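Visitor: 3D model of this:
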Amino acid sequence: MTDLFTPSSQVLAQQIVETIERGAYDDAERAAIEARGHHPDDAELARLHGITLMQLQRPADALEVLEHAARLAPQSVEVQCNLGAARLASGDADGAIEYLRAALRQSPGHPAILLTLGNALMAAARYQHARESYAMATHGAPTHPGLRLNLAAAELELGNVDQAQLHTDEALQLHPRFDAAYALRGRILQSLGKGAEATESWLLAERVSPQNPQYPFAVGQALEHDGQLATAATAYERALRLNPNDGRVLSQLLFLRRRLCDWHDLDELSQHVQDAVVAGAGTISPFIMLAEDVDAALQLRCAQDYAAAVEQRVAPLRKQLALSQAKPAPDDPIRIGFVADGFNDHATGLLVVAMFEALANDNDLDVHLFATTPDDGGSIRSRLATASTMHDVSALNHTQAAQRIHATGVEILFDLNGYSGRDNAELFALRPAPVQVNWLAFPGSMGAPWLDYLLADKVIIPDDQRSQVSEKLVRLPRCYQPNDNTRAVATPPLTNRMRAARRRHGVRLLQQQLQD
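Guide: Reported below is the predicted structural model:
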């Protein structure tokens, strides 16, 4: 009910918009509730209320309010887009797609609806359709930098790196201070193996938007990958100041400080990480938790929560791929695959190369190796390629790698990384093989529904810890870790102390001979 002293709905709406733009979402919610009390049939006030609830991470409440706004203004494109976004945020990507397509029939070619529809299609992992929706939207809004960037993201998911780079550059031409475009360019450059350029691009994103903790975290990851550990730790510290409860930053910084032997505040940081696991954060690296003084139950909890977060991200894509498993011919050799980032002059390669050479003589096995890092030109890679069928999937994203593995007809697939190195969790969560096994680099349970077996021994998994393993356990009788029994071990170099000891020993021998 309004009176002469009540501001108009337009004035109240403008006040709410200004409050939202300041980031004062609690204040905006209170203002929206009060304004709607005065103007209960105003669709714009209801829409702004819904936007505020979305910012407050309350999608269910936002959905209810925006559905009311849609009843008040069924032809409003703004309401339709916001309602579609709310359905998406509530976890109903398919419902959002259906609703937005109906809205598009009312307003054919409208760029705002096409943009929101593209976002819903991306969430449903329908990347090709998302690309088409974004591309159509650019015809109606050719100068919208966000559309170009979303189009680039869809191309990147489809593995079209050149097109992704082109559209990212277009977005930056339209908006030279577009932080998200610099961040996406960093991802693209990293995928191309241009680590230094990727770092610089993420640093640009951080300079443009210094309050976004995602950018210094990405900088830290790139620097850590390039071996610049101290500088990476500084980047993680910047990210942590912006978001003190980010589990990814906490765990990476903790692990990096241990590697650097930097003990300051280490106990407090370790406790913070453990508290995050207890709270169910789902973002703490299970590999990093292996270095902490925690029991097997907490380690498993960490792995299961981390795996659940991966599963939530990957489930729509797995549904789209629908990689069915063909039944092999009974007389064919068993086709076994191994995925690793270490099929080079690397610890993993050194451990497994002689084993694969021995398996090459087994006519009942057909061994395939899937390398997620490029050929380093070394002898280990050459020996592995000679002993098995080598597939270089280093230039492929997880989706493409899963499709390549599936196309080979591998029956049993081993993850030699686990949660270490280049984490293959998303790749294995796509289920490219009917039987999947965790082995070697991650000595513990991965807590993941996409892994069927854990290959270990009694040292890795003692009898009293079998209950803390989510996979079926296969234990080798002695040691789960092979080694290269053909490797020639070089004579260790002499240190100055060893040389001095040898000289002293020589002097004593000479004295003994003179006495004799």
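Visitor: what are the ranges of the strands in the stretch 301-450 of the chain?
Guide: Per DSSP state E, counting those that start in this stretch, the stretch 301-450 of the chain carries strands over the ranges 334-340, 365-371, 389-392, 412-415, 435-439.
Visitor: Walk me through which strands the following helix or strand past the last one pairs with, and which way each runs.
Guide: The reference is to strand 435-439. Per DSSP states H and E, the first helix or strand lying C-terminal to strand 435-439 is strand 453-456. As defined by DSSP bridges, the strand partners of strand 453-456 come to strand 435-439 (parallel), strand 472-475 (parallel).
Visitor: Any idea which of these gets closest to Leu100?
Guide: Closest approach to Leu100 among those (Cβ to Cβ): strand 435-439, 36.0 Å. Any C-beta I mention is one placed from the backbone N, CA and C, and that applies to glycine too.
Visitor: Pull the CA coordinates from that closest one and hand them back as PDB.
Guide: The C-alpha trace of strand 435-439 is given here as PDB (Å, rounded to 0.1, in the frame of the first residue of the first chain):
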ATOM      1  CA  VAL A 435      37.600 -51.200 -15.000                       C
ATOM      2  CA  GLN A 436      39.800 -48.500 -13.600                       C
ATOM      3  CA  VAL A 437      42.600 -48.900 -11.100                       C
ATOM      4  CA  ASN A 438      44.600 -46.500  -8.800                       C
ATOM      5  CA  TRP A 439      48.300 -47.400  -8.700                       C
END
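Visitor: Could I get the average pLDDT for it?
Guide: Averaged over strand 435-439, pLDDT sits at 98.
Visitor: Go through it and flag the buried ones.
Guide: Residues 436-439 are the ones in strand 435-439 that count as buried (16 or more other Cβ atoms under 10 Å).
Visitor: Helix or strand, whichever it is, which one in this protein has the lowest mean pLDDT?
Guide: helix 496-515 (a mean of 63; mean pLDDT, DSSP states H and E).
Visitor: so, if you compare the buried residues of strand 435-439, which one comes nearest to Ile284?
Guide: Nearest member of these to Ile284, counting by Cβ to Cβ, is Asn438, at 18.3 Å.
Visitor: starting at the chain centroid, how far to the helix ranked longest in the chain?
Guide: Ranked by number of residues, the top helix in the chain under DSSP state H is helix 296-321. How far helix 296-321 lies from its chain's middle: 11 Å, per Cα atoms, centre = their mean, to the nearest Å.
Visitor: Please shift the residue numbers so they start at 190 in all later answers.
Guide: Got it, the first residue is 190 from now on, which makes the last one we talked about helix 485-510.
Visitor: What helices and strands are in contact with that helix?
Guide: helix 455-467, helix 475-478, helix 587-596, helix 614-618 (3 or more Cβ pairs under 8 Å, 6 or more residues apart in numbering; DSSP states H and E).
Visitor: Which positions within it qualify as buried?
Guide: Buried residues in helix 485-510, counted by 16+ other Cβ under 10 Å: 485, 488-496, 499-500, 503, 505-507, 510.
Visitor: what do you get for stretch 642-657?
Guide: By neighbour count with 16+ other Cβ under 10 Å, stretch 642-657 contains the buried residues 642-646, 649-650, 654, 657.
Visitor: can the residues you listed go into CSV with extra columns for distance to Thr357 and pLDDT?
Guide: Listed next are these as CSV, based on distance: Cβ to Cβ, whole Å; pLDDT from 0 to 100:
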residue, distance to Thr357, pLDDT
Tyr642, 41, 98
Leu643, 41, 98
Leu644, 42, 97
Ala645, 44, 96
Asp646, 48, 96
Ile649, 44, 93
Ile650, 46, 95
Gln654, 47, 94
Gln657, 44, 96
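Visitor: what secondary structure does Arg396 sit in?
Guide: helix (DSSP: H, G, I helix; E, B strand; the rest coil).
Visitor: ok, how many other residues are close to it?
Guide: 12 (other Cβ atoms under 10 Å).
Visitor: how far away is it from Ala411?
Guide: 15 Å (Cβ to Cβ, to the nearest Å).
Visitor: now Trp452
Guide: Counting by Cβ to Cβ, the gap from Trp452 to Ala411 is 25 Å.
Visitor: For my notes, please list the buried residues of strand 624-628 in a markdown table and give distance to Glu389 for each entry.
Guide: Below are these laid out as a markdown table (distance: Cβ to Cβ, whole Å):
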| residue | distance to Glu389 |
| --- | --- |
| Gln625 | 38 |
| Val626 | 40 |
| Asn627 | 36 |
| Trp628 | 38 |
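Visitor: Relative to Leu605, which of these is nearest.
Guide: Of these, the one sitting nearest to Leu605 (Cβ to Cβ) turns out to be Trp628, at 6.3 Å.
Visitor: Which strand residues bridge the residue nearest to the closest one when sequence neighbours are not counted?
Guide: Closest residue to Trp628 apart from its sequence neighbours, by Cβ to Cβ, 6 or more residues apart in numbering: Leu644 at 4.0 Å. The partner list for Leu644 in beta bridges (DSSP bridges) reads Trp628, Val663.
Visitor: give the contact list for Leu644.
Guide: Shown in contact with Leu644 (Cβ atoms under 8 Å, 6 or more residues apart in numbering): 603, 626-629, 663, 665, 669.
Visitor: Ile601 versus that one, what's the distance?
Guide: For Leu644, the distance to Ile601 - Cβ to Cβ - is 11 Å.
Visitor: For these two, list the residues in contact with both.
Guide: Joint contacts of Leu644 and Ile601 (Cβ under 8 Å, 6+ apart) are Val626.
Visitor: Only C-alpha atoms, please: export stretch 387-407 in CSV.
Guide: Provided in CSV are the C-alpha atoms of stretch 387-407 (Å, rounded to 0.1, in the frame of the first residue of the first chain):
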residue,chain,number,x,y,z
ALA,A,387,50.5,-17.6,-19.0
THR,A,388,51.9,-16.2,-15.8
GLU,A,389,52.2,-12.7,-17.2
SER,A,390,48.6,-12.9,-18.4
TRP,A,391,47.3,-13.9,-15.0
LEU,A,392,49.4,-11.2,-13.4
LEU,A,393,47.6,-8.7,-15.8
ALA,A,394,44.3,-10.1,-14.6
GLU,A,395,45.4,-9.6,-11.0
ARG,A,396,46.5,-6.0,-11.6
VAL,A,397,43.2,-5.2,-13.3
SER,A,398,41.1,-6.8,-10.5
PRO,A,399,43.3,-7.0,-7.4
GLN,A,400,40.5,-8.1,-5.1
ASN,A,401,39.8,-11.4,-7.0
PRO,A,402,41.6,-14.2,-5.2
GLN,A,403,41.4,-16.5,-8.2
TYR,A,404,44.1,-14.6,-10.1
PRO,A,405,47.0,-14.8,-7.6
PHE,A,406,46.1,-18.5,-7.1
ALA,A,407,46.5,-19.1,-10.8
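Visitor: Run the chain-centre distance for it.
Guide: Counting by Cα atoms, centre = their mean, stretch 387-407 comes out at 17 Å from the chain centroid.
Visitor: Any chance you could list what contacts it?
Guide: 366-369, 371-372, 374-379, 408, 411-412, 415, 424-425, 427-429, 431-432, 435, 437-438, 441.
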